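Q: Generate a structure from the sequence data that follows.
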Amino acid sequence: MGLSYKPEKAYVGDVIPYYENGRYYAYYLHDPRSGKAGIYAEDTTWYLAETEDGLNFCSKGCILPTGDQTTPYLNNYTGSVIKHTDGRYYAFFTAFNDLNDEYRVNGKSVQSVMMASGDSPDRMEIRKDFRMLSDDRIYEVYDWRDPFVFYNEEEKCYWMLLCTRRKGSGYHRGGCIGLCKSKDLLSWEYAEPFYEPGMYITMECPEVFRMKGRWYLVFSTFSDRFLTHYRYSDSLSGPWMIPYEDSLDCRSDYAIKTAGTEDERIAFGWISTKLGQCDEGPWEWGGTMICHRLTADEQTGLLRLSALDAVDNHFMQGTQPDMKAVNASFDGNGLSSDGLGAMLHEIREKEFMIEAELDSSCREFGFFLGTDSQLENGYQIRVANGMLSLDRWPRKEQGLYQWQIDGDIPFAIETVRYLDPSLKHFHIKVIRSDDVLIVYLNDSIVMSTRIYGHEYGLAGPYVVCGSIDIARYSLRLPEGDR
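A: Residues are numbered from 1 along each chain as shown. Now for the predicted structure:
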């Protein structure tokens, strides 16, 4: 069993999670990748996978099928699910048809919001009498998607947040989170933008929720960086504070949305695949579903992502492996080196967790995965200069000249997670599950990404110019691999 969820013969796009009575309903965009090479998110429907722990899923199949070329919902994209006071469930989703002139404005296809409803969260029918477009007055007509609907207790009405753009704004900075209001979920009034920072092309998959007395706003962008960002505030009306590290994960875990309670939620996202299933390939749209525990620090307001209990339980209590020093000295606890040194042990499994607790007094430290006894090849998880990142050796196939090894790319920049540079104590979990790599740091920071090579070989901690004191180190395996 892998740690990420993938449907048979298809891939996971944006996840639309809904929580009720201890059960998570993970609706997601089901992409069969049935089109031409390089074309994604065609023939996209809503599928449902249910879970109680974020690791073990039960597939419920297609929930919102697409229409045909005569309907506005030739493709079904992101939205949200809400339970009305009448006990019925309502799904709001993005409809798109780029093959029919009827659904174009000035010759360009437009997105619209449509609705489905039903008596249970796993059985809903599309309401063909409901279709909502941009007002083309406050908001431009072309970007109008990803409706997130929730009930605003203060105003006693429903609010809908949307990924859209201010009409008449510049292209690169005009993205905003739009706002519409309704008393009955059927008739909607257009309001001024909910959030308009003047920073992005668009702000996809918006969501708000409340935890520990604060409001949190989550959205995803693809302009300056592919990331899921968050903001926090004491009020829905703002101001919205931007934390030092304002992303929930790195580039490859995109369009994160959450579901749960005011005390604890699960963050659902998708880890992108790479073209050709190789490290050198460009990132693709869609991949496999991944889940993290999400909590809020009551004092600082910062969100924290950590491993789910089900993931911890999946890797039974480990053992201290036999380790050998390479260009380093080790006295039983302290690992030190004047240059680059490591303590290595064998990895024979495709799924494992390395858990370590340590204190750092060095320029850089981290972990090798799938390396050799000379540290020539493999992955390198690096903690340096207030950053957590992933590196790979070799970074690419060397060119004609010796210097053509991507020496000006110091690590996989899309994996960077920013840390408090004053941190000295670290509790780290490094998880590999087939081609998925997840690193949890201090039960607050996560780096999830895709890796395709160096499956076996040697692994272990390393240090650059200094030392680390290792209080605990173990290799943890699934129960069946012991």
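Q: the helices in this structure, which residues?
A: 309-314 (DSSP state H).
Q: Would you point out the helix or strand in it whose mean pLDDT is lowest?
A: strand 108-109 (a mean of 88; mean pLDDT, DSSP states H and E).
Q: what's the offset of it from the middle of its chain?
A: In terms of C-alpha atoms, centre = their mean, to the nearest Å, the centre of strand 108-109 is found 29 Å from the chain centre.
Q: Direction included, what does that strand pair against?
A: strand 104-105 (antiparallel) (DSSP bridges).
Q: Just the mean pLDDT for the partner strand, thanks.
A: When pLDDT is averaged along strand 104-105, the result is 90.
Q: Make residue 1 into 58 and carry on from there
A: All set: I'll call the first residue 58, so the last point we hit is now strand 161-162.
Q: what does it contact?
A: 167, 193, 198, 199 (C-beta atoms under 8 Å, 6 or more residues apart in numbering). (Glycine included, C-beta is placed from N, CA and C.)
Q: Looks like the second one contacts residue 224 (just checking).
A: Yes. The pair residue 193 / residue 224 is scored as a contact, 6.8 Å apart, by C-beta atoms under 8 Å.
Q: just to revisit the earlier point, ranking the contacts of strand 161-162 by neighbours, who comes first?
A: residue 167 (22 neighbours; other C-beta atoms under 10 Å).
Q: and the most far-flung residue of the chain relative to its centre, what are its phi and psi?
A: Using C-alpha atoms, centre = their mean, the residue of the chain lying farthest from its centre is residue 388. It sits 39.5 Å away. For residue 388, the backbone dihedrals (degrees, to the nearest 10) come out as phi -110, psi 20.
Q: distance of it from residue 437?
A: For residue 388, the distance to residue 437 (C-beta to C-beta, to the nearest Å) stands at 24 Å.
Q: Also residue 322?
A: Taking C-beta to C-beta as the measure, residue 322 falls 32 Å from residue 437.
Q: now swap in residue 159 and tell me
A: Residue 159 sits at a distance of 54 Å from residue 437 (criterion: C-beta to C-beta).
Q: quick one, which of the two is more surrounded?
A: residue 437 (22 against 10).
Q: So which residue is smack in the middle of the protein?
A: Short answer for the chain (C-alpha atoms, centre = their mean): residue 310, at 3.1 Å.
Q: With adjacent residues omitted, what lies nearest to residue 292?
A: Closest residue in space to residue 292, ignoring its immediate chain neighbours: residue 272 at 6.6 Å, by C-beta to C-beta, 6 or more residues apart in numbering.
Q: That neighbour: how many residues sit nearby?
A: 17.
Q: what's across from it in the sheet?
A: Beta-bridge partners of residue 272, as defined by DSSP bridges: residue 267, residue 290.
Q: and it, how far is that from residue 361?
A: Counting by C-beta to C-beta, the gap from residue 272 to residue 361 is 17 Å.
Q: same thing with residue 535?
A: For residue 535, the distance to residue 361 - C-beta to C-beta - is 25 Å.
Q: Same check on residue 60?
A: 19 Å.
Q: before we move on, what about residue 59?
A: Taking C-beta to C-beta, one finds residue 59 at 24 Å from residue 361.
Q: next one: residue 349
A: Applying C-beta to C-beta to residue 349 and residue 361 gives a distance of 10 Å.
Q: And those two? Which one has more around it.
A: Set residue 349 next to residue 361 and count neighbours by other C-beta under 10 Å: residue 349 wins out with 25 against 16.
Q: Contact partners for the more buried one?
A: By C-beta under 8 Å, 6+ apart, the neighbours of residue 349 are 111, 306, 323, 324, 362, 363, 364, 365, 503, 505.
Q: Please apply the same query to residue 509.
A: Residues near residue 509 by C-beta under 8 Å, 6+ apart: 331, 334, 335, 336, 492.
Q: Which of these fall within strands?
A: Among the contacts of residue 509, the ones falling in strands (DSSP state E) are residue 331.
Q: which residues of the stretch 58-207 of the chain score low on pLDDT?
A: Along the stretch 58-207 of the chain, segments meeting pLDDT under 70 span 58.
Q: domain assignment for this protein?
A: Split into domains by automatic domain parsing, the chain comes to 68-369, 372-538.
Q: from the chain's centre, how far out does the shortest one sit?
A: This points to domain 372-538. The answer for domain 372-538 is 22 Å, by C-alpha atoms, centre = their mean.
Q: Likewise for the longest one?
A: Between the mean C-alpha location of domain 68-369 and the chain-wide mean there is a distance of 12 Å, by C-alpha atoms, centre = their mean.
Q: Distance check, residue 446 against residue 469.
A: 6 Å.
Q: ignore the last one, residue 173
A: 40 Å.
Q: What of residue 209?
A: In terms of C-beta to C-beta, residue 209 sits 41 Å off from residue 469.
Q: Looking at the two, which is more packed in?
A: Comparing residue 209 with residue 469 by neighbour count (other C-beta under 10 Å), the higher total belongs to residue 469, at 22 against 12.
Q: That one contacts residue 508, doesn't it?
A: No. Applying C-beta under 8 Å, one finds residue 469 not in contact with residue 508, separated by 9.8 Å.
Q: Show me whatever sits in contact with both of those two.
A: What both residue 469 and residue 508 touch, as defined by C-beta under 8 Å, 6+ apart, is the set 447, 449.
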